[in-house]
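Q: Let's see this in three dimensions:
(chains A and B)
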Amino acid sequence: MTQGTQSIHRETFVLNLGPQHPATHGVLRIKLTMDGEYIEDAEPVIGYGHRMQEKMGENRSYAKYLPNTARLDYVAAMFNTHGYVCAVERLAGIAVPERAEFIRVITAELNRVASHLLWVGAFLVDLGGFTPLLYTFDDREQILDLLEATTGARLTFCYYRFGGVCNDIDDDFVAGTRKFIAHLRSRMPMYHAFITKNIIFRKRCEEIAVISAETCRKFGATGPVIRGSGVAYDVRKLEPYSVYPRFNFNVPVYPEGDCMARYRVRMDEIEESLRILEQALDQLPGGPVMAEKVPRILKPAKGDCYFNVESARGTFGVRLVSDGTDKAYRLKLRSPCFSNLSLFQECSRGLLLPDALALLGSLDLVIPDIDR
Amino acid sequence: MEEQTEVPQGLIHFAVLDKALDLARANSLWPMTFGLACCAIEMMATGASRFDMARFGCEVFRPSPRQCDLMIVCGTVNKKMAPAVSTLYDQMPEPKWVIAMGNCAISGGPFKFPGQYGIVEGVDKLFPVDVYVPGCPPRPEALIEGILQLEKKLTGRRRWPVASAS
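A: Numbering: from 1, shown residues only, chains lettered A, B, ... in the order given. Below is the predicted model of the structure:
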């Protein structure tokens, strides 16, 4: 230290957050270097939820691995199954009946609404408000009732099969979904009144943890995180799959890049999903829900393929390499949460610890999806 | 010799106190907020509006192991996580109980395959388990049933009639 320059003595300390901490939504560990209440560096340590998903995809046959895809991102399990099933179908050249594609879109969008509702509740718990969780779970249970009657599971659905879906939906499901759409639309003003306009919530979220579009691009963040930073990136629009091009829906975008923007994107997405659901139910065609002559033991020809779907958390991608046997030679899963987490270290620098937890909550992480 | 016969009579009084304590413990179990994987979402659902664990005096989720007496192991424990889970169990004060929720915590569940390198095949390899709740993931009703079984283990009788298949 040269004479004359005034240097304030700064002392930092290391704070260990997790792996058991309610704000980390599971088993994420963050090594924080703190300067008082401010974060100097935050290093995420992952791997506490590693479950060998990719290795298992190479050790089991395609059909045997299928139920495990629902355990990747278990809050929005339909999308993982959708990505995997579509990748295998592309590899094996299986055509899916139109009705099955519609049912896939309907169930996936229902799951997106359920996932966002759970996120709103959990995010508010992170910020210290417990009550909204009880309201969002009440609505979420109604979706789970509908899905359970058709798919047989509440959380880890294995509903999509190679070539279609395993059960046809009945009139009760269609009537129930219509009733639910009307119900949730009537609840949205209530959510906006007691969450969006809540002054404590707004002070915890507005202009907190601003993420620029450039940072999102740098780290490959997708989903509501990049849409909350002003980039209208949505796989359903840019790389359409299934029957999404037939529906009229918007991609909600907010340019602010703060926690509030990410919250608003998700709330708007719930309403857009309800619009998609309504159109899909109106246009629902008849016919079979399963392709004919799908071989019991799939042996796709040599080759590889990649398939993207827009999960509730961002782009979920599956890369499959087949060597002509009944098991995949290589399975690579691109999980949205991993990319979304990777910007945390850069964006949390200089934040207060409670604000960093607001940022962590607004990224909507599912830890076993990061660790796979 | 007469003095010796008085001692067991004193013990009987403690046994009555123990029974009263057990009744109190069974009706106010404090579980730990500790989600590992998929089953944690069902545990949240059990605590939330529809299933409402508060009906059974079991809703005070504590984030700190030092304030809990019930550990619900909900999810896969892998080899990196196992020391942390064991530490959490050791940090809980006596008396303490463990519910293994879901197939992963019971035996490894769907993540067990020949040549697996990552997971602990059953949380009972780390510490004793009182109640096993099977399912992948178990329904919230199943977790509530597990808690009722734990209460029965504590007090010796069941507080709620067994559900009949009607």
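Q: who's in contact with the residue lying closest to B:Cys58 once chain neighbours are set aside?
A: Counting by CB to CB, 6 or more residues apart in numbering or on different chains, B:Cys58 lies nearest to B:Leu29, which is 4.7 Å off, once chain neighbours are set aside. To be clear about C-beta, it is placed using only N, CA and C from the backbone, and glycine gets the same treatment. Going by CB atoms under 8 Å, 6 or more residues apart in numbering or on different chains, B:Leu29 touches B:Gly57, B:Cys58, B:Asp69, B:Leu70, B:Trp97, B:Ile147, B:Leu150, B:Glu151.
Q: Drop anything exposed from those residues.
A: B:Gly57, B:Cys58, B:Asp69, B:Leu70, B:Trp97, B:Ile147, B:Leu150, B:Glu151 (16 or more other CB atoms under 10 Å in any protein chain shown).
Q: Tell me which two in those residues are the farthest apart.
A: B:Gly57 and B:Trp97 (14.0 Å; CB to CB).
Q: and the one helix or strand A:Asn340 maps to, how far from the chain's centre?
A: For A:Asn340, the host element (DSSP states H and E) is helix A:336-342. Relative to its chain's centre, helix A:336-342 lies at 11 Å (CA atoms, centre = their mean, to the nearest Å).
Q: next one: phi and psi at A:Val321?
A: phi -120, psi 120 (degrees, to the nearest 10).
Q: from what I can see it touches A:Lys327, true?
A: No: using CB atoms under 8 Å, A:Val321 is not in contact with A:Lys327, being 10.9 Å away.
Q: What about A:Arg185, how many residues nearby?
A: Neighbourhood size, A:Arg185 [other CB atoms under 10 Å in any protein chain shown]: 13.
Q: Show only the entries of the contacts of B:Leu29 found in helices.
A: The members of those that map onto helices under DSSP state H are B:Ile147, B:Leu150, B:Glu151.
Q: which one of those is nearest chain A?
A: Using CB to the nearest CB, B:Ile147 comes nearest to chain A of these, at 18.5 Å.
Q: Next, the contact list for the closest one, please.
A: B:Leu29, B:Met53, B:Phe56, B:Cys58, B:Ile99, B:Val131.
Q: at 7 Å instead, please
A: By CB atoms under 7 Å, 6 or more residues apart in numbering or on different chains, the contact set of B:Ile147 is B:Leu29, B:Phe56, B:Cys58.
Q: Equivalent analysis for A:Ile270, please.
A: A:Val113, A:His116.
Q: And for the helix or strand hosting A:Ala63, what's in contact with it?
A: Assigned by DSSP H and E, A:Ala63 falls within helix A:62-69. Contacts to helix A:62-69, defined as CB under 7 Å, 6+ apart, come from residues A:Gln53, A:Met56, A:Gly57, A:Asn80, A:Thr81, A:Tyr84, A:Val88, A:Cys158, A:Leu298, A:Ala328, B:Pro110.
Q: From the chain's centroid, how far away is that helix?
A: Using CA atoms, centre = their mean, the offset of helix A:62-69 from its chain centre is 19 Å.
Q: now for the helix or strand following it, which elements pack on it?
A: On the C-terminal side of helix A:62-69, the nearest following helix or strand under DSSP H and E is helix A:77-92. Identification of packing neighbours for helix A:77-92 by 3 or more CB pairs under 7 Å, 6 or more residues apart in numbering or on different chains; DSSP states H and E yields helix A:62-69, helix A:98-127, strand A:160-161, strand A:303-311, strand A:314-322.
Q: Tell me which residues of helix A:77-92 come out buried.
A: Result for helix A:77-92 [16+ other CB under 10 Å]: buried residues A:77-92.
Q: which one of those residues is nearest chain B?
A: Closest to chain B, out of all of these and judged by CB to the nearest CB, is A:Ala77, at 8.6 Å.
Q: wait, what's in contact with that closest one?
A: A:Ala77 makes contacts with A:Ala70, A:Asn111, A:Leu155, A:Thr156, A:Phe157, as judged by CB under 7 Å, 6+ apart.
Q: And the strands in chain A, which stretches?
A: Along chain A, the segments classed as strands by DSSP state E run A:13-17, A:29-35, A:38-45, A:160-161, A:164-165, A:303-311, A:314-322, A:328-334.
Q: Next, the buried residues of the third one.
A: Of the residues in strand A:38-45, those buried under the neighbour-count criterion (16+ other CB under 10 Å) are A:Ile39, A:Glu40, A:Ala42, A:Pro44.
Q: burial count for A:Asp35?
A: The tally of other residues near A:Asp35 (other CB under 10 Å) stands at 13.
Q: Would you agree it is in contact with A:Val14?
A: No: using CB atoms under 7 Å, A:Asp35 is not in contact with A:Val14; the gap is 11.3 Å.
Q: Share the number of residues neighbouring A:Lys293, please.
A: A:Lys293: 6 neighbours (other CB under 10 Å).
Q: Pull the number of nearby residues for residue 105.
A: Picking chain A for this. With other CB under 10 Å as criterion, A:Val105 counts 23.
Q: Correction: the question concerned chain B.
A: Around B:Ala105 there are 29 residues (other CB under 10 Å).
Q: likewise the one 10 residues further on?
A: B:Gly115 sits with 8 neighbouring residues when counted by other CB under 10 Å.
Q: and B:Val73, that's in a strand?
A: Yes: under DSSP: H, G, I helix; E, B strand; the rest coil, B:Val73 sits within a strand.
Q: if I pick it, what's in contact with it?
A: B:Leu36, B:Val98, B:Ala100, B:Met101, B:Ala105, B:Val123 are the contacts of B:Val73 under CB under 7 Å, 6+ apart.
Q: give me the beta-bridge partners of it?
A: B:Ala100 (DSSP bridges).
Q: could the helices and strands packed on helix A:77-92 go into TSV alongside mean pLDDT?
A: Formatted as TSV, those follow (pLDDT from 0 to 100):
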stretch	mean pLDDT
helix A:62-69	89
helix A:98-127	91
strand A:160-161	89
strand A:303-311	91
strand A:314-322	91
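Q: Kindly present the ones you listed as TSV, with separate columns for distance to A:Arg262.
A: Output for these, formatted as TSV (distance: least, CB to CB, whole Å):
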stretch	distance to A:Arg262
helix A:62-69	26
helix A:98-127	9
strand A:160-161	28
strand A:303-311	15
strand A:314-322	12
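Q: hmm, back to that, just curious, which of the buried residues of strand A:38-45 is nearest to chain B?
A: A:Pro44 (14.0 Å).
Q: Surely the closest one touches A:Leu343?
A: No: look at A:Pro44 against A:Leu343 with CB under 7 Å: they stay out of range, at 10.4 Å.
Q: Distance of A:Val231 relative to B:Ala54?
A: Distance of A:Val231 to B:Ala54, given as CB to CB, to the nearest Å: 43 Å.
Q: scratch that, B:Leu154
A: Distance from B:Leu154 to B:Ala54, by CB to CB: 18 Å.
Q: So for those two, which sits in the more crowded spot?
A: For B:Leu154 versus B:Ala54, the count of surrounding residues by other CB under 10 Å is larger for B:Leu154: 20 against 10.
Q: Not counting sequence-adjacent ones, nearest residue to the more buried one?
A: In space, B:Leu154 is closest to B:Ala26, 4.1 Å off (CB to CB, 6+ apart).
Q: What residue, apart from its backbone neighbours, is nearest A:Cys347 spatially?
A: A:Ile211 (5.4 Å).
Q: Same question for A:Glu206.
A: Spatially, and ignoring its direct neighbours in sequence, A:Glu206 is nearest to A:Met260 (4.7 Å; CB to CB, 6+ apart).
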